[in-house]
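*Asks:* Next comes the sequence, and after it the predicted model I'd like to discuss.
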Amino acid sequence: MEEFYIDCDGIKLHAKLDKPEGAEKCPLCILIHGFTGHMEEEHLITTQKAMNEAGVAVLRAEMYGHGGSDGEFRKHTLYKWVTNALAVVAYAKKLDFVTDLYLCGHSQGGLLTMLIGGMCRDDFKAIIPMSPAWMIPDYARKGNLLGVDYDPVHLPEELPIWDTALDGDYIRVAQTIHVEDEIDRYEGPVLLIHGGIDDVVPMAYVEKAAKLYKNAKLVVVPGAHHCYDGHLEELADTIKNFFMERV
Ligand code: FER
């Protein structure tokens, strides 16, 4: 494992690179956590190891305001994450050992995966949105995020959540995002993975994504919640099977 920082216009993004044993040249998958998440979460480590076992190197990167990266949580926005992810993609494209590039993200990182998939349509052999939180822009427009109601026209300066808060700019930015446009733009293979009893991201959104993408496969892990607790083996098998078929 190599640990380092990727520069994004002066913001340091904490990253770790894990390569499969003995590989000289191999594919690489960028892996991104969710809202309030980080790269050491169990479902991310499981994903990383499954990919390594399938012969794929994994570049885990933490986005603005999360994990060991620069920035304050309350000041993060999806635009900042998009800019960060573009810097990580640019970094990955320069790595000599990389044959093909993949992108995978969980929850808000899954939403990001759908956005970056469309924006960098020529760069990825496939994308893997896991439990992708693509309802966030819709919820932001309706006036309820994380169960907190607000006036969607006259936005609050901050949204109190748990023991912290999110800057109003998070909402302002989320309201402008139209994921369907980026779904349209991406024509490559998509593996959507979702927990059968995820109560954070509604199944209806993931089913709609599976229909709208031109080339998508949806794997539902029965009985799994948002972070696949107790079902990590099925998550690993789903990922391994997907790569074994193509790498
Ligand atoms: C929300 C529901 C889910 C939300 C964020 C999420 C900011 C993200 C979840 C995740 O990334 O795990 O209303 O609002």
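*Replies:* Received it, and whenever you're ready, just let me know what you need. Numbering: from 1, shown residues only.
*Asks:* Which elements pack onto the host helix or strand of I30?
*Replies:* According to DSSP states H and E, I30 maps onto strand 26-32. On a contact count with 3 or more CB pairs under 8 Å, 6 or more residues apart in numbering; DSSP states H and E, strand 26-32 meets helix 42-53, strand 57-61, helix 78-93, strand 98-106, helix 108-119. (Each C-beta comes from the backbone N, C-alpha and C, glycine too.)
*Asks:* Make a markdown table out of these and add mean neighbour count and distance to the ligand.
*Replies:* A markdown table is the format used below for the helices and strands packed on strand 26-32 (neighbours: other CB atoms under 10 Å; distance: least, CB to the nearest ligand atom, whole Å):
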| stretch | mean neighbour count | distance to the ligand |
| --- | --- | --- |
| helix 42-53 | 21 | 10 |
| strand 57-61 | 26 | 15 |
| helix 78-93 | 19 | 9 |
| strand 98-106 | 23 | 7 |
| helix 108-119 | 26 | 3 |
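*Asks:* can the ones you listed go into JSON lines with extra columns for mean pLDDT and distance to K211?
*Replies:* Shown next, in JSON lines, are those (pLDDT from 0 to 100; distance: least, CB to CB, whole Å):
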{"stretch": "helix 42-53", "mean pLDDT": "98", "distance to K211": "24"}
{"stretch": "strand 57-61", "mean pLDDT": "99", "distance to K211": "29"}
{"stretch": "helix 78-93", "mean pLDDT": "98", "distance to K211": "23"}
{"stretch": "strand 98-106", "mean pLDDT": "98", "distance to K211": "20"}
{"stretch": "helix 108-119", "mean pLDDT": "99", "distance to K211": "14"}
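*Asks:* if we can go back for a sec, let me know the average pLDDT across the strand holding I30.
*Replies:* In this model, strand 26-32 carries a mean pLDDT of 98.
*Asks:* Mind listing residues that contact it?
*Replies:* 19-20, 39, 44, 47-48, 51, 55-61, 63, 85, 88-89, 92, 95, 97-106, 109, 112-113, 125, 128, 243, 247 (CB atoms under 8 Å, 6 or more residues apart in numbering).
*Asks:* Then stretch 200-218?
*Replies:* By CB under 8 Å, 6+ apart, stretch 200-218 touches 107, 110, 114, 129, 131-135, 180, 183-184, 186-194, 196, 220, 226, 242.
*Asks:* let's go with 6 Å and repeat that
*Replies:* If you take CB atoms under 6 Å, 6 or more residues apart in numbering as the criterion, stretch 200-218 is touched by S131, A133, W134, M135, I183, E187, P189, V190, L191, L192, H194, H226.
*Asks:* just checking: which of those residues also lie near the ligand?
*Replies:* Contacts with the ligand within the contacts of stretch 200-218, counted by CB under 6 Å from any ligand atom: A133.
*Asks:* Who wins on neighbours among the contacts of stretch 200-218?
*Replies:* S131 (29 neighbours; other CB atoms under 10 Å).
*Asks:* what does the chain put close to the ligand?
*Replies:* G34, F35, S107, Q108, A133, I136, Y139, L145, L146, V200.
*Asks:* Now with 5 Å, please.
*Replies:* G34, F35, S107, Q108, A133, L145, L146 (CB under 5 Å from any ligand atom).
*Asks:* Return the closest of the contacts of stretch 200-218 with respect to Q175.
*Replies:* Using CB to CB, M135 comes nearest to Q175 of the contacts of stretch 200-218, at 13.0 Å.
*Asks:* what about that closest one, distance to G37?
*Replies:* Going from M135 to G37 by CB to CB, to the nearest Å gives 17 Å.
*Asks:* Many thanks, I have nothing further to ask.
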